[in-house]
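Colleague: My questions concern the predicted model and sequence given below.
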Amino acid sequence: MATATFAAGCFWHVEHAFRQVPGVIDAEVGYTGGHLDEPTYRDVCRGDTGHAEAVRVTFDTERVSYDELLAVFWQCHDPTQRNRQGPDIGSQYRSAIFWHDEDQLARAEASKRDLEWSDRYRDPVVTEIAPVRTFWRAEEYHQRYFAKNGIACGA
């Protein structure tokens with residue numbers, strides 16, 4: 001088992017995307033990258049805590065690779081939008097890969113570089129790559145939000 005942490009806008013959509021991947025054991029939504037201990041959704045929405053809405057993915061390395069998770073990450077959002085995704089605006093919606101070890105750092109940097117060189121996007125890729133900090137699990141009503149609320153998603 002291993003852990004990966006990604007931020008790509010509203011965490012509900014990102015959680016759903018990762019839950020569809022065979023080999024993903026769990027995907028939890030929460031907050032990371034900020035300076036406030038035990039932030040709440042209300043705190044993070046203010047935009048001044050430094051946290052990103054993020055998803056912590058627990059995965060079986062024998063069934064899915066970190067590189068495959070990176071591919072899902074790049075596909076489920078627009079990494080050229082700084083501090084926003086669609087209608088959600090603020091640093092809490094930034095695109096970020098929070099690495100857990102040196103191997104994840106190297107793989108994240110390589111995948112970002114490959115994406116930049118691919119000419120898939122006209123604008124620069126602004127995804128942050130940073131070491132993971134404390135992950136604060138979001139309130140229970142945010143966990144598996146789409147499933148709990150009967151929302152279909154094309155992710």
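Modeller: Cool, got the structure.
Colleague: Now do the least confident helix or strand in the chain by mean pLDDT: which elements does it pack against?
Modeller: Between all helices and strands in the chain, the lowest mean by mean pLDDT, DSSP states H and E belongs to helix 145-148, at a mean of 76. Using 3 or more CB pairs under 8 Å, 6 or more residues apart in numbering; DSSP states H and E as the contact test, the elements touching helix 145-148 are helix 11-19. (Glycine included, C-beta is placed from N, CA and C.)
Colleague: average model confidence for the helix it packs on?
Modeller: The pLDDT scores in helix 11-19 average 94.
Colleague: What lies in contact with the longest helix along the chain?
Modeller: As assigned by DSSP state H, the longest helix anywhere in the chain is helix 102-117. Contacts of helix 102-117 from elsewhere in the structure, counted by CB atoms under 8 Å, 6 or more residues apart in numbering, are 4, 66-67, 70-71, 74, 79, 97, 99, 121, 124-125, 127, 129, 131.
Colleague: Let me know the closest of those to residue 15.
Modeller: Set against residue 15, the nearest of these by CB to CB is residue 4 (12.7 Å).
Colleague: residues contacting the closest residue to that closest one other than its chain neighbours?
Modeller: Once flanking residues are discounted, residue 4 sits nearest to residue 57: 4.7 Å by CB to CB, 6 or more residues apart in numbering. Taking CB under 8 Å, 6+ apart, we find residue 57 in contact with 3-6, 18, 24, 26-27, 69.
Colleague: likewise residue 132?
Modeller: So residue 132 contacts 5, 32, 98-100 (CB under 8 Å, 6+ apart).
Colleague: Can you turn the buried subset of the residues you listed into a selection I can paste into ChimeraX?
Modeller: One line in ChimeraX is enough to select the buried members of those, burial here meaning 16 or more other CB atoms under 10 Å:
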select :5,32,98,99
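Colleague: what's the neighbour count on residue 101?
Modeller: Neighbours of residue 101 under the rule other CB atoms under 10 Å: 13.
Colleague: Do you know the pLDDT at it?
Modeller: 98.
Colleague: Give me the distance between it and residue 92.
Modeller: If you measure residue 101 against residue 92 using CB to CB, to the nearest Å, the figure is 25 Å.
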